[in-house]
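> From the sequence below, what's the structure:
(4 chains)
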Protein chains: 2
Amino acid sequence: MLELAVLGLLKERPMHGYELRKQLTQRLGLFWTVSFGSLYPTLKRMERRGAVARAEVRGEGRMRQVYRVTPAGELLFLDLLCEGLDTPEQERFPLRMAFLGHVGPELRIRLLERRKRWLQDRLEAGSQSLRHLSPGADAYATSLVRHGLDHTERDIAWLDDLLATERHRLDEERGSWPCAGGTPPEPPLYPSTQEMPTP
Amino acid sequence: MLELAVLGLLKERPMHGYELRKQLTQRLGLFWTVSFGSLYPTLKRMERRGAVARAEVRGEGRMRQVYRVTPAGELLFLDLLCEGLDTPEQERFPLRMAFLGHVGPELRIRLLERRKRWLQDRLEAGSQSLRHLSPGADAYATSLVRHGLDHTERDIAWLDDLLATERHRLDEERGSWPCAGGTPPEPPLYPSTQEMPTP
DNA sequence: AATTTCATGTAATTCGTTACATGATTCC
DNA sequence: GGAATCATGTAACGAATTACATGAAATT
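Numbering: from 1, shown residues only, chains lettered A, B, ... in the order given. Model (predicted):
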């Protein structure tokens, strides 16, 4: 979880712990916030493992420990991004999504499709339990499940949008680059298909 | 978390561990599932603490450990339900919601309002980071945040619905019963205001 | 001068998971 | 007779949190 986030951010540019957290909050604050108590130990651990490299840098103010991704870290990033796809944990998806720009269109599509399938299963299971639950009984529990299903449907619709755009782009440019290997040939802009309701 | 769930379910009727999990999955499966590896130890711990009482019962098939809530457990339930309201953790709310029928209208309203305020803050923070993020950069991250905000807005609308109904009912019946003490005078049915999209 | 923000870290604890182990009962 | 489900548990581990501790630099 945290490791994936760290690698994803550091891939964009080297950063120190404190900034890392700020960036993370910016992108994933709605879904997740890290505490320093887990961030700093994680950075050290990853340095020991050789996934990131540290450099002591004198910034504007005081000393900072600036980290960057190593080649081994690049591989780890892909591993973590693809890991647990068969049991795609709910909370982990936003993380994958936030760094989807770091991989090629084919992998992106695979990841999005997996997620969609998982949501559909969820929808099925939810409807099931709703039928079993509905007989009069618990109005709050029922409302909760209904609301959850509503969200799930929206998630699926959102993914469909993303997938459509993705596939459309895949047809145009034929510079495919698979799961492993070098850096992306400038990850192209993603035209946001989501409307902003009331800004 | 788990303790609240266990107490909430056992308040309705005594159950054994296995059934407890089934019920839990039914109501909260969309948001959370427990493993036996945590459920059984939790039951034992709660028994030691006196929050639940165990009885060995010969069911249809084999022997079962059937648990029920003690008076101390009733108090604990309320504590846990109200706990951490000032830092209302995202994942915990569905749990509160699922057992909202076990408390009186006043407390219900307070819980729902807290949640709403939290979501509004979240909305604010999200819009903020969206503004800061939007300049061209990361299309996936941006789309993710937008989508998250969309969900948050729906959550708020849902809560408004619930609150409206709740307040309306509070006006009619004046048999109020506060946070502590006895059992509710038959928790009244909640008219589900949520439309079922495609059943 | 005081407060806030920046910046880094450690230790104890919480809360859960996975994997393992066992065995009865029911269904086919 | 074999598989699936029911039913209960333990042990090892994981991933994060909270609380604690420190101190420099910027802001007011």
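
> Which positions in the helix or strand of chain A with the lowest mean pLDDT come out as buried?
Across the helices and strands of chain A, mean confidence by mean pLDDT, DSSP states H and E is lowest for helix A:105-133: a mean of 91. Burial within helix A:105-133, assessed by neighbour count using 16 or more other Cβ atoms under 10 Å in any protein chain shown, is assigned to A:105, A:107-109, A:111-112, A:114-116, A:118-119, A:122-123, A:125-127, A:129-130, A:133. Placement of C-beta: from N, CA and C, glycine included.

> and if you look at stretch A:29-43?
Residues of stretch A:29-43 classed as buried under the neighbour-count rule (16+ other Cβ under 10 Å) are A:Gly29, A:Leu30, A:Phe31, A:Trp32, A:Val34, A:Leu39, A:Thr42, A:Leu43.

> Which member of these is positioned nearest A:Pro94?
Taking Cβ to Cβ as the measure, A:Phe31 is the one of the buried residues of stretch A:29-43 closest to A:Pro94, at 4.1 Å.

> Just flag the most distant two among the buried residues of stretch A:29-43.
The most distant members of these, if one measures by Cβ to Cβ, are A:Leu30 and A:Leu43, lying 23.6 Å apart.

> can you give me the strands for chain A?
Taking DSSP state E as the criterion, chain A contains strands spanning A:15-16, A:52-58, A:63-69.

> Of the ones you listed, which is nearest DNA strand D?
Across those, the minimum distance to DNA strand D, taken as Cβ to the nearest atom of the strand, is reached by strand A:63-69, at 8.1 Å.

> Whether that closest one contacts DNA strand C - can you check?
Yes: using Cβ under 7 Å from any atom of the strand, strand A:63-69 reaches DNA strand C at A:Arg64, A:Gln65.

> helices or strands up against that strand?
Other elements packing on strand A:63-69 under the criterion 3 or more Cβ pairs under 8 Å, 6 or more residues apart in numbering or on different chains; DSSP states H and E are helix A:2-12, strand A:15-16, helix A:17-28, helix A:36-49, strand A:52-58.

> roughly how far is it from the heart of the chain?
Here strand A:63-69 is found 23 Å from its chain centre; the criterion is Cα atoms, centre = their mean, to the nearest Å.

> and the angle from that strand to helix A:2-12?
Strand A:63-69 and helix A:2-12 are oriented at 90 degrees to each other (axes from the mean of the first three to the mean of the last three Cα atoms, to 10 degrees).

> Give me the contacts around strand A:63-69.
Outside of strand A:63-69, the residues within contact range by Cβ atoms under 8 Å, 6 or more residues apart in numbering or on different chains are A:6-7, A:10-11, A:14-18, A:20, A:43, A:46-47, A:51-58, A:77.

> hmm, try it at 10 Å
Counting contacts by Cβ atoms under 10 Å, 6 or more residues apart in numbering or on different chains, the residues outside strand A:63-69 that touch it are A:6-20, A:40, A:43-44, A:46-47, A:51-59, A:73, A:76-77.
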